[in-house]
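>>> test case, fold it:
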Amino acid sequence: MLGRSNDNNDSQTSGVLIQYLKEISVYLQEINISRKTAILATAVLVLAGLLGVRYREEGTILTTSSKVGGRELPIYCVQTEEPKIALTFDAAWGNEDTEKIMEILKKHDVKVTFFMTGGWVDR
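Okay, here's the model as predicted:
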């Protein structure tokens, strides 16, 4: 069951996450993508980040996958002692922005996971 976190560190974590998202938003605007696309991308990132920080699954032991309707599905959240979120990037096309994104993440010592498709890796 999802519930609101009572952890006082969550507000600090949210603030740091919002700062990262602001920097990524500024970068998206600098590379001349449309304002509407930049706002939409930022809104999606903010919503995902805040939900990840504020809501957690309580009282459940999770395995690496579970069967739902006969299908194996990956686990996408786990309960931890510390407030944590996982940032992932799907690299499936174009790599023009990857270096700048990695610079921003390195500047703030943020660990992320990049998922790459075969075609992208070959580039």
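>>> just the strands in this structure please.
Remark: strands assigned in the chain by DSSP state E are 2-4, 55-57, 65-68, 71-74, 88-91, 113-116.
>>> helices or strands up against the fifth one?
Of the remaining helices and strands, those touching strand 88-91 by 3 or more CB pairs under 8 Å, 6 or more residues apart in numbering; DSSP states H and E are strand 113-116. (C-beta placed from N, C-alpha, C; glycine too.)
>>> strands paired with the strand it packs on, and their directions?
strand 88-91 (parallel) (DSSP bridges).
>>> ok, and what's touching the strand it pairs with?
Applying CB atoms under 8 Å, 6 or more residues apart in numbering, the contact partners of strand 88-91 are 98, 101, 112-117, 120.
>>> change it to 6 Å
The contact list for strand 88-91, computed with CB atoms under 6 Å, 6 or more residues apart in numbering, reads 113-116, 120.
>>> how about low-confidence regions in the chain?
Regions of the chain meeting the criterion pLDDT under 70 cover residues 1-17, 28-29, 32-33, 38, 49-68, 73-77, 120-123.
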